[in-house]
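Asker: would you be able to build a 3D model of this:
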Amino acid sequence: MTLTEVRVPATTTGAAPDLDRGTVTRPPEGLAGPTVARQPRRVARATGAGLIPMLGAAASSVALTALLFGRVTAASGSFGFALTAYVLFLVIDTAIFSLTENGPAIRDRLATTALTSAAVVAFGTLAFVVVYTIARGSSALMHLNFFTQDMAEAGPLSGLDVGGIKHALVGTLWMMGIGLGIAIPLGVTGAVFLSQSRGPFAWLVRTTVDAMTALPDIIAGLFIYATWILTFHFEHSGLAAALALAIMMTPVIVRASDVVLRLVSGSLQEAAAALGAPKWRTVWNVVLPTARSGLTTAVILGAARGVGETAPVLLTAGYTASLNTNPLHGPMVSLPLAAFQFVASPQPVMIARGFACAAFLMLLVVVLFVIGRMIGGRTPGQLTGRGARRARRASRRDVARMIKRAAVRARPVRPTPALDVLNSALVAPHRPESPIGSFATPAAAPGASAPSAPDASAPPAPGIAHGEQDSPRFTGEGAL
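Answerer: Reported below is the predicted structural model:
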């Protein structure tokens, strides 16, 4: 005798009452026997019963690691201690879970625990870096002169009430402005080419962009240094640094913009082509406006990539402690380079300035990513609240205009005096002296009897006024 597995509703006898659908095992037809319900296993669901063994496994792993490092072996070091405790935690937690579950559940628990712990470690490391940087630079961030002065009059032993990062702020704005002015047109144009073209050259451009995305920042700085400064004999300046940053930002903008443009519905482009729009007008008036939010996100991501670069700026722009507002002449410094130079000093005050500069730069990058996330959270074509309200107002204006146009078309046409004369001439008997007698009934052929006058006493035909039988009448609708 064999058992047969069938899918039946949960209301079947013997099935679990809390399941919508279940797998019920029953004997073959004609044989009686009890039914057994197999409840599906729920994965990735944290419960209180599963948390207690996990905490016990963590405590056991720490205690066993302390015993190994302090008593049994001569191992030492905080990193080795943490790694050994983590491995023992995974082993103990899996062993405890295997006492009540089968093989697939054990593997699922092991993978879930490993991935969750890795995410906790990564988030904890990031939080430690952020908190440590802000804590070390808080003493300098509390001074207003840190944002309004440069380091021209501040020495290594000067206090925090003298000197600041004004020159680095201005240099960053100049470099990023020029770099984005070069990278945005190239990036968006390249993305449009990749999304609208199919061929070997498009494949070559895509491969080049993919390779440049993983390009180290020092390579871009060396390229500009070898060509712009050594070959063409230009001096170190903010423009040279902006060119290096543009090389770093362009691939990021191209890749992100290409992904967004590919999400634009093909039916929109087909509709524009069906209306007779050329390819360039379809891209300009349909594709780009639809993907506007995604393109903005791509630009912000590219800016976040370039604003934190240090090596290209150091090779191409040099370093200065004074304010320079001319990007074409003289060395210029950015926020990452200023933070690097401050931290390299042995003086505690300079180190505090370096951490404060790094904290401000980190806050700037976080703001850029948050703005990109807020803008890029909408799908291509999805309007913002302001855009939706503007579209509703435009729709209401269109509806009012259409209603007004329909009312004008439905209004009865009032005949003009010229039309009255024309109609009376058509209805009246033929008079040779009439100036418009050519509109009257034509004369009979020779030998034919003249038509008799209409009987005035006869009633008119239904729907036709008296005297208008067999006569055309101009109402003005399309007559003139």
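Asker: A strand includes residue 346, no?
Answerer: No. In this structure, residue 346 is coil, not part of a strand, as judged by DSSP: H, G, I helix; E, B strand; the rest coil.
Asker: any idea how many residues pack against it?
Answerer: Residues within reach of residue 346, counting by other CB atoms under 10 Å, total 7. For every residue, glycine as well, the C-beta is placed using N, CA and C.
Asker: can you pull the phi and psi angles for it?
Answerer: Here is the backbone geometry of residue 346 (degrees, to the nearest 10): phi -80, psi -10.
Asker: next one: it from residue 119, what distance?
Answerer: According to CB to CB, to the nearest Å, residue 346 and residue 119 sit 38 Å apart.
Asker: tell me which element residue 63 falls in.
Answerer: helix 48-67 (DSSP states H and E).
Asker: for the stretch 201-350 of the chain, what spans make up the helices?
Answerer: Per DSSP state H, counting those that start in this stretch, the stretch 201-350 of the chain carries helices over the ranges 217-224, 238-262, 266-274, 279-282, 288-290, 292-307, 311-316, 335-343, 348-376.
Asker: and residue 101, what pLDDT?
Answerer: The score at residue 101 is 82. That number is its pLDDT.
Asker: the closest residue in space to it that isn't next to it in sequence: neighbour count?
Answerer: Among residues not flanking residue 101 along the chain, residue 109 sits closest, at 7.2 Å (CB to CB, 6 or more residues apart in numbering). Residue 109 is flanked by 21 other residues according to other CB under 10 Å.
Asker: same question for residue 389.
Answerer: 11.
Asker: any weak-confidence spans in the stretch 251-400 of the chain?
Answerer: For the stretch 251-400 of the chain, applying pLDDT under 70 flags the ranges 376-383.
Asker: need the contact list for residue 215.
Answerer: 247-248, 251 (CB atoms under 8 Å, 6 or more residues apart in numbering).
Asker: check what pLDDT it gets.
Answerer: 86.
Asker: gap between it and residue 155?
Answerer: Taking CB to CB, one finds residue 215 at 39 Å from residue 155.
Asker: related to what we said a few turns ago, how about the contacts of residue 215 in CSV, adding neighbour count and distance to residue 105?
Answerer: Shown next, in CSV, are those (neighbours: other CB atoms under 10 Å; distance: CB to CB, whole Å):
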residue, neighbour count, distance to residue 105
247, 23, 51
248, 24, 47
251, 23, 44
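Asker: which one of those residues is nearest residue 164?
Answerer: Looking at the contacts of residue 215 and their distance to residue 164, the nearest is residue 248, at 27.0 Å (CB to CB).
Asker: would you agree the closest one is in contact with residue 310?
Answerer: No. In this structure residue 248 lies outside contact range of residue 310 using CB atoms under 8 Å: 11.5 Å.
Asker: which residues are in contact with both of those two?
Answerer: Common contacts of residue 248 and residue 310 (CB under 8 Å, 6+ apart): residue 217.
Asker: touching, residue 223 and residue 247? I think so.
Answerer: Yes. Contact criterion CB under 8 Å: residue 223 and residue 247 qualify, at 7.0 Å.
Asker: returning to what we had before: and the helix holding residue 63, what's buried?
Answerer: Using 16 or more other CB atoms under 10 Å as the test for burial, helix 48-67 gives 53-54, 57-58, 60-62, 64-65.
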